[in-house]
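Q: Predicted model and sequence below, questions to follow.
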Amino acid sequence: MSRFTAQTLLVRKNTTPLVCLTAYTAPMAARLDPYCDLLLVGDSVGTVLYGMDNTVSVTLEMMIQHGKAVVRATKHACVVVDLPFGSYEASPADAFRSAARLIKETGCNAVKLEGGETMEETIAYLHKRGIPVMAHIGLTPQHVHQMGYSCQGKTAAQQQQLLADAKAVEAAGAFAVVLECVEESAARNVTENVAIPTIGIGGSVACDGQILVTEDMLGLTQGRLPKFVKQYAKLGDTLEASVVRYKEEVQKREFPSAEYCYRIAKVKAVDAA
Ligand code: KIV
């Protein structure tokens, strides 16, 4: 099976919903790859793996290292890497330099950036220069200091802005658009009025695909989760129970038992020199 690309995902509009998850490391990416159309090396790596308060401190170097690991470990999913805050907003030329590093140094298929109308010129600039772009509108975590983490699309004005943003990124050449934490009717309205796939995270089943942060859906994240996260497993509990057992066995000298030890019947005599 060959790798999905921006081109092959673009034509999946109005077909089977796209299955997308985040991945930051090789072992996790290898496990997810056979089941996912798209793997996002999201800047959520900052909060999920590095314990940061938000995503604004994530650097381009971090995204490159995690992007390389995910590309190396996969062969099926389209790998998209996030452009981190501060690496693309100042000018289209800045965005090109950062995006070109992500593409060249990681081998990823596409980049993602946050913003709608305000990023139209930048997306067009990247698109014309051969860089596939996935856009991200609605709740945009890199703007946390201005917008917080509240649901978008609840007022008529917000709904209009969402549609304008989606149309702007589509016109600029984005191959897909993430709708984060968007009220259902607004997500449906956007999805029905653009020709590119919409990928929802808290955007309802109206979207053309879904994405979640993998650690959230596996039950590995501690603390409060957004309403839109469904936990498909409680791996955090399994992890703790395993460590508790290991601790008990180590302290009682039950581990390592014979099967985990190297034993010989008789020590060999030292070879003569
Ligand atoms: O960084 C990320 O994980 C994301 C998803 C929430 C879409 O942007």
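A: Arrived safely.
Q: just checking, A69 touches A29?
A: Yes - counting by Cβ atoms under 8 Å, A69 touches A29, with 7.0 Å between them. To be clear about C-beta, it is placed using only N, CA and C from the backbone, and glycine gets the same treatment.
Q: Which one's more surrounded, the two?
A: The neighbour count for A69 versus A29, taken as other Cβ atoms under 10 Å, is higher for A29 (25 against 20).
Q: does that one count as helix, strand or coil?
A: Counting by DSSP: H, G, I helix; E, B strand; the rest coil, the backbone at A29 sits in helix.
Q: What sits closest to H127 if chain neighbours are left out?
A: G173 (3.1 Å; Cβ to Cβ, 6 or more residues apart in numbering).
Q: Show me the beta-bridge partners of the closest residue to the ligand within the stretch 51-200 of the chain.
A: Of all residues in the stretch 51-200 of the chain, V178 sits closest to the ligand, at 4.9 Å by Cβ to the nearest ligand atom. Following DSSP bridges, V178 is listed with bridge partners H136, I199.
Q: What's the local residue count around it?
A: For V178, the neighbour count with other Cβ under 10 Å is 28.
Q: Report the contact partners of it.
A: Contact partners of V178, counting by Cβ atoms under 8 Å, 6 or more residues apart in numbering, are 112, 134-138, 198-201, 211.
Q: For it, report the pLDDT, please.
A: With respect to pLDDT, V178 scores 98.
Q: where's it relative to V243, distance?
A: Distance of V178 to V243, given as Cβ to Cβ, to the nearest Å: 35 Å.
Q: looking at the protein, which helix or strand is least sure?
A: Each helix and strand of the chain was given a mean pLDDT (mean pLDDT, DSSP states H and E); the minimum falls on helix 144-147 at a mean of 88.
Q: Report whether that one contacts the ligand.
A: No - legend: contact between helix 144-147 and the ligand by Cβ under 6 Å from any ligand atom is lacking; minimum distance shown is 12.2 Å.
Q: Contacts made by the helix or strand that that helix is followed by with the rest, please.
A: Using DSSP states H and E, the next helix or strand after helix 144-147 towards the C-terminus is helix 156-172. With Cβ under 8 Å, 6+ apart as the test, helix 156-172 has contacts from 115-117, 119-124, 127, 133, 135, 137-138, 152-153, 177, 179, 182-183, 185-186, 189-190, 193-196, 198.
Q: Give the buried residues for helix 156-172.
A: 158-159, 161-163, 165-170, 172 (16 or more other Cβ atoms under 10 Å).
Q: And that helix, how far out from the chain middle?
A: Distance of helix 156-172 from its chain centroid, counting by Cα atoms, centre = their mean, to the nearest Å, is 22 Å.
Q: Tabulate the contacts of V178 (a markdown table), appending neighbour count.
A: Formatted as a markdown table, those follow (neighbours: other Cβ atoms under 10 Å):
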| residue | neighbour count |
| --- | --- |
| K112 | 25 |
| M134 | 28 |
| A135 | 28 |
| H136 | 29 |
| I137 | 28 |
| G138 | 30 |
| T198 | 26 |
| I199 | 29 |
| G200 | 28 |
| I201 | 26 |
| I211 | 26 |
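Q: Pick out the most distant pair among those residues.
A: K112 and G200 (14.5 Å; Cβ to Cβ).
Q: Close to the ligand: what parts of the chain are there?
A: So the chain meets the ligand at 22, 40, 42-44, 82, 136, 178, 180, 201, 211, 213 (Cβ under 6 Å from any ligand atom).
Q: of those residues, closest to T16?
A: Nearest to T16, judged by Cβ to Cβ, of those is I211 at 15.1 Å.
Q: That closest one belongs to a helix, doesn't it?
A: No - looking at I211 with three-state DSSP, it is strand, so not inside a helix.
Q: Now it. Nearest residue, chain neighbours left out?
A: C20 (3.9 Å).
Q: Likewise for M217?
A: Using Cβ to Cβ, 6+ apart, the closest residue to M217 is Y232 (5.2 Å).
Q: which residues does the one you found contact?
A: Neighbours of Y232 in contact, by Cβ under 8 Å, 6+ apart: 217-219.
Q: which one of these is nearest D237?
A: Closest to D237, out of all of those and judged by Cβ to Cβ, is G219, at 6.9 Å.
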